[in-house]
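**Student:** Sequence first, then the predicted structure, then my questions.
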Amino acid sequence: MKKNKQSGMSVIVQNTTRMVEGLIFLFGIYLTVYGHLTPSGGFSGGIVFACVFILMTLAFGKNSVLKFLGKTTAYIFNCSAALLFLIIAACGCLFNGAFFSNFLEKMFPSANFRIFSAGLIPVYNIIIAVNIAAGLFMVFIILAVRRVVEINGKRRLISTELFDKTERKR
Amino acid sequence: MIESIVALLILFMIIGAIIALETKDLLSSVISVGAIGIAASICFLLVGAPDIASTQLVVEVLTVIILIKATIRHDLVTIDEDREFFGLSVTLALLFVFFLFGLKAFWALPEFGAPAMERISSAPSNGYIESGFKQTGSGNILMAILLDYRGLDTFAELCVLFAGIWGAFAIMRVYSRKKKTRSNNEKK
């Protein structure tokens, strides 16, 4: 990768993104953690998380984000969150005798408006947020990385992510 | 009466699914998938859920249009003859039957401003509102319904999203597995 080749958008957009991205991430955490108390939840929080990464990809170019959150990391997060959701739901069978039963709430009944209340609902919210964020970002990065290029007169779909890595090795 | 009609429709859907899997022609496969969806929509209507029936119908029509647009490039079937009288009359009769079902769906919808929870006192919505906070401890009643009372629905929703994302991932792959092994062998 050449250093003088500027990737991403202009300096104004990059500086504004640098200031704003932490605040947007904090807002996503707020939406997810307070999902059982205020009008929000795991779905909206996960979409906000994914939008932070999409904003960073658009502002700084794809290589800056792919360093710490690649396609492989995203799909490990996606699969493990879905599996964890199923495992916690199956734990209801063990502790309370029914699939998807809220066993934490049965053990520690809490009808107060605190963060640590409502048993398993905040846990489910966090898992859903991770799943949605990883999945949405995975779709975006796959669509951003692929290019259609003509090789020997044929139109081929290539991955610029792999292309960059091989270039660095050479 | 309703049970026998629903059983017939389910039989029709199973036959349609087998045809969609086994036929060699892509276009007829797509059309039989559409027929399955419309039969499912009629099933929902007979069971007493006109809102889900209309949603199913919209999704099915969009799916058939997108799939025909995607598959029409591979095998194109052209008709040179004029439109026959038999085909036209069958189309008109099917449109009339469809109109009758639409009318039934329209009458089955509850009156504006009178939801089911007010008409039927034993509806589950009343129970959620009365004892939702005490039973789950969640201040947001929406999350109590979404993740506690109807947790299985949310899990299925998550699975649908998961399958959709992996479908996109499979379509946008760069190399097929066979080609990769071949190129590796060539390198060796």
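**Tutor:** Happy to help now that I have it.
**Student:** ok, the residue nearest to the spatial centre of chain A - contacts?
**Tutor:** By Cα atoms, centre = their mean, chain A has its centre lying nearest to A:A133, at 2.6 Å. By Cβ atoms under 8 Å, 6 or more residues apart in numbering or on different chains, A:A133 lies in contact with A:G28, A:G46, A:I47, A:F49, A:A50, A:F53, A:F77. C-beta here means a position set from N, CA and C on the backbone, and glycine is covered the same way.
**Student:** how close does A:N15 get to A:E21?
**Tutor:** 11 Å (Cβ to Cβ, to the nearest Å).
**Student:** who has more neighbours, those two?
**Tutor:** When A:N15 and A:E21 are compared for neighbours, A:E21 comes out ahead with 16 against 11, by other Cβ atoms under 10 Å in any protein chain shown.
**Student:** tally of neighbours for the residue nearest to the more buried one when sequence neighbours are not counted?
**Tutor:** Leaving aside its chain neighbours, A:E21 sits nearest to A:V52 (5.6 Å; criterion: Cβ to Cβ, 6 or more residues apart in numbering or on different chains). A:V52 is flanked by 22 other residues according to other Cβ under 10 Å.
**Student:** again with A:L94
**Tutor:** The tally of other residues near A:L94 (other Cβ under 10 Å) stands at 8.
**Student:** name the element it belongs to?
**Tutor:** Assigned by DSSP states H and E, A:L94 falls within helix A:71-96.
**Student:** Show me what that helix is packed up against.
**Tutor:** Secondary-structure packing of helix A:71-96 (3 or more Cβ pairs under 8 Å, 6 or more residues apart in numbering or on different chains; DSSP states H and E): helix A:103-107, helix A:121-145, helix B:151-171.
**Student:** Wondering if the last one reaches chain A at all.
**Tutor:** Pointing back at helix B:151-171 there. Yes. Against chain A, helix B:151-171 shows contacts by Cβ under 8 Å from any Cβ of the partner chain at B:G151, B:L152, B:T154, B:F155, B:L158, B:C159, B:L161, B:F162, B:I165, B:A168, B:F169.
**Student:** Show me what that helix is packed against.
**Tutor:** Helix B:151-171 is packed against helix A:71-96, helix A:121-145, with contacts defined by 3+ Cβ pairs under 8 Å, 6+ apart.
**Student:** and of those, who's closest to B:I18?
**Tutor:** helix A:71-96 (30.4 Å; Cβ to Cβ).
**Student:** quick one: that closest one to chain centroid distance?
**Tutor:** Centre-to-centre, helix A:71-96 and its host chain are 15 Å apart (Cα atoms, centre = their mean, to the nearest Å).
**Student:** Equivalent analysis for stretch A:70-89, please.
**Tutor:** Mean-position distance between stretch A:70-89 and its chain equals 11 Å (Cα atoms, centre = their mean).
**Student:** what comes up buried for it?
**Tutor:** For stretch A:70-89, the neighbour count (16 or more other Cβ atoms under 10 Å in any protein chain shown) marks A:K71, A:A74, A:Y75, A:F77, A:N78, A:A81, A:A82, A:L84, A:F85, A:I88, A:A89 as buried.
**Student:** can you list the residues of chain B near chain A?
**Tutor:** Checking chain B against chain A by Cβ under 8 Å from any Cβ, the hits are B:133-140, B:142-144, B:146-148, B:151-152, B:154-155, B:158-159, B:161-162, B:165, B:168-169, B:172, B:174.
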